[in-house]
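Q: Structure for the following, please:
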Amino acid sequence: MKPIGKVLHSIGPLFILRSNKIKIRDIGSDAFIKEKKIGKVIELFGPVKKPYIKVVSKKDIKDKKSFIGKDVSIR
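A: Numbers count the residues shown, from 1 in each chain. Below is the predicted model of the structure:
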């Protein structure tokens, strides 16, 4: 697993993360907190050196606000 950043916000079905360790080729990767799959990376935006990441969450995830501040990884 490759760490990509921390959850900053939960907005509707999206998680917004901040990262400095993600590449364009990582778009489409599954996102995990520990071993729990939370969704899929769908977009990078913002500055090139420390981009923001949009992760669309799985439909069955409840209480998305509890993920704020948690580390996210991809496989």
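Q: hey, where'd the strands end up in this structure?
A: Secondary structure of the chain (DSSP state E): strands located at 2-11, 14-18, 30-33, 36-45, 52-57, 71-74.
Q: With mean pLDDT, distance to Lys64 and mean neighbour count as extra columns, can I get those in a markdown table?
A: Placement of C-beta: from N, CA and C, glycine included. Output for those, formatted as a markdown table (pLDDT from 0 to 100; distance: least, CB to CB, whole Å; neighbours: other CB atoms under 10 Å):
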| stretch | mean pLDDT | distance to Lys64 | mean neighbour count |
| --- | --- | --- | --- |
| strand 2-11 | 94 | 4 | 16 |
| strand 14-18 | 95 | 7 | 20 |
| strand 30-33 | 95 | 11 | 18 |
| strand 36-45 | 95 | 9 | 16 |
| strand 52-57 | 96 | 6 | 20 |
| strand 71-74 | 94 | 13 | 18 |
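Q: Lys65 is nearest to which of these?
A: With CB to CB, the closest approach to Lys65 among these belongs to strand 2-11: 5.4 Å.
Q: which helices and strands does the closest one pack with?
A: Strand 2-11 sits against strand 14-18, strand 52-57, strand 71-74, with contacts defined as 3 or more CB pairs under 8 Å, 6 or more residues apart in numbering; DSSP states H and E.
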